[in-house]
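> Quick check, what structure comes out for this input:
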Amino acid sequence: MSRHSKWKMQEVRSDRPYAVRAEHPMVTEEQIRRRAYEIWLARGRKPGDPVRDWLQAERELKAALVSH
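You can find the predicted model right below:
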């Protein structure tokens with residue numbers, strides 16, 4: 001008997017159907033990319049931190065979803 005056979009896989013169950021995703025839309029990578037680009041343009045196309053722009057864009061878009 002292998003050491004892994006001692007462990008039993010537990011089935012993960014949820015009371016929520018997968019349709020919940022439709023009720024809570026996700027921010028897409030494309031939306032984040034576009035918003036990060038807008039942030040860069042607003043900065044006057046000056047060098048900056050693309051990761052910071054990406055994270056800012058992601059935060060803004062997710063906050064907009066929550067506020068609706």
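> Now do the helices in this structure.
Under the criterion DSSP state H, the chain carries helices at the ranges 20-23, 29-42, 50-67.
> Least confident of the ones you listed, on average?
For the helices of the chain, mean pLDDT drops lowest on helix 20-23, to a mean of 44.
> I'd like to know how far residue 68 sits from residue 46.
32 Å (CB to CB, to the nearest Å). C-beta coordinates here come from the backbone N, C-alpha and C atoms, glycine included.
> again, but for residue 60
In terms of CB to CB, residue 60 sits 19 Å off from residue 46.
> Check residue 53 too.
If you go by CB to CB, the gap between residue 53 and residue 46 works out to 11 Å.
> Of those two, give the one with the bigger neighbour count.
A count of neighbours by other CB atoms under 10 Å puts residue 53 above the other of residue 53 and residue 46, at 20 against 6.
> Would you confirm that that one contacts residue 42?
No: counting by CB atoms under 8 Å, residue 53 does not reach residue 42; the two are 9.8 Å apart.
> Can you pull the residues that touch both of those two?
Counting by CB atoms under 8 Å, 6 or more residues apart in numbering, residue 53 and residue 42 have no shared contacts at all.
> How many residues are close by residue 38?
Number of residues near residue 38 (other CB under 10 Å) recorded here: 13.
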